[in-house]
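Chemist: Kindly return the folded structure for what I paste below:
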Amino acid sequence: MKRAPLVLTGTVAGLAGVLSFHSSPAKVTLGAAGPAATGTSASSPAASGSSGSSSSGSGSSGKASSGSGKASSGSSSAGSSGSSSGPAASGTRSAVGPSVNYYFGVLSVRVTATGSKITKVSIASINDGGMPRSQYIDQQAIPMLEQEVMQAQNGNIQGVAGASYTSAGFAKSLQGALKSLGLK
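Modeler: This is a model prediction of the structure:
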């Protein structure tokens, strides 16, 4: 009975410490994910995509912001340059797919095309909450997914084993970007 006040005080102090703990997400950098690495296009304002800060306050992912200083897209915005009247449109144009919550974070894909040929696929924005395991998976899987799109020249990709959530989020954002470009 003499230990009860000590245990209760320790429990309250520990709970207060846990509830006051705030962490910040680490920045993720992938090889060619910045706006400068997207290549040249016919119109420079649209080449950088739509810029702004994406934030998702609460939810299952608990992410605060992209924090990488890269261009990020809203939930359904897409920037394009040139004409996007159909797959036979000429000129180089670029579009950013919607931001997709893929369970371990939020990502969006940028696609650049000339005519009906996909010339570049990259990550427009990514936020995986600073979880080291998720960062490692993303750094391994995303280059493979980009390569699959370049080989397939469409959105029908297989995904990467061991990165199911990242593959599904990438594919969903990719489909949105291809749709805004008038490609399949």
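Chemist: List the buried residues of stretch 116-125.
Modeler: For stretch 116-125, a neighbour-count test (16 or more other Cβ atoms under 10 Å) marks Ser116, Ile118, Lys120, Val121, Ser122, Ile123, Ala124, Ser125 as buried. (Glycine included, C-beta is placed from N, CA and C.)
Chemist: Stretch 142-149 too?
Modeler: For stretch 142-149, the neighbour count (16+ other Cβ under 10 Å) marks Ile142, Pro143, Met144, Leu145, Glu146, Glu148, Val149 as buried.
Chemist: Looking at these, which are in helices?
Modeler: Of the buried residues of stretch 142-149, the ones assigned to helices by DSSP state H are Ile142, Pro143, Met144, Leu145, Glu146, Glu148, Val149.
Chemist: pLDDT weak spots in this protein?
Modeler: For the chain, applying pLDDT under 70 flags the ranges 22-90.
Chemist: let's go with 50 and repeat that
Modeler: Filtered on pLDDT under 50, the chain yields the residue ranges 32-88.
Chemist: Okay, buried residues for stretch 95-115 please.
Modeler: So, applying 16+ other Cβ under 10 Å, buried residues of stretch 95-115: 95-102, 104-114.
Chemist: Parallel or antiparallel, list what pairs with the lengthiest strand in the chain.
Modeler: Ranked by number of residues, the top strand in the chain under DSSP state E is strand 117-127. Here strand 117-127 is paired, per DSSP bridges, with strand 106-114 (antiparallel).
Chemist: Alpha carbons of the partner strand, as CSV, please.
Modeler: The C-alpha trace of strand 106-114 is given here as CSV (Å, rounded to 0.1, in the frame of the first residue of the first chain):
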residue,chain,number,x,y,z
VAL,A,106,1.2,10.6,-49.7
LEU,A,107,2.8,10.7,-53.2
SER,A,108,2.0,12.2,-56.6
VAL,A,109,3.5,11.3,-60.0
ARG,A,110,4.7,13.6,-62.8
VAL,A,111,4.5,12.4,-66.4
THR,A,112,6.0,14.1,-69.4
ALA,A,113,5.0,13.1,-72.9
THR,A,114,5.7,14.1,-76.4
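Chemist: wait, isn't Ser122 in contact with Glu146?
Modeler: Yes - using Cβ atoms under 8 Å, Ser122 is in contact with Glu146, at 6.7 Å.
Chemist: Return the residues in contact with Val18.
Modeler: If you count contacts by Cβ atoms under 8 Å, 6 or more residues apart in numbering, Val18 has none.
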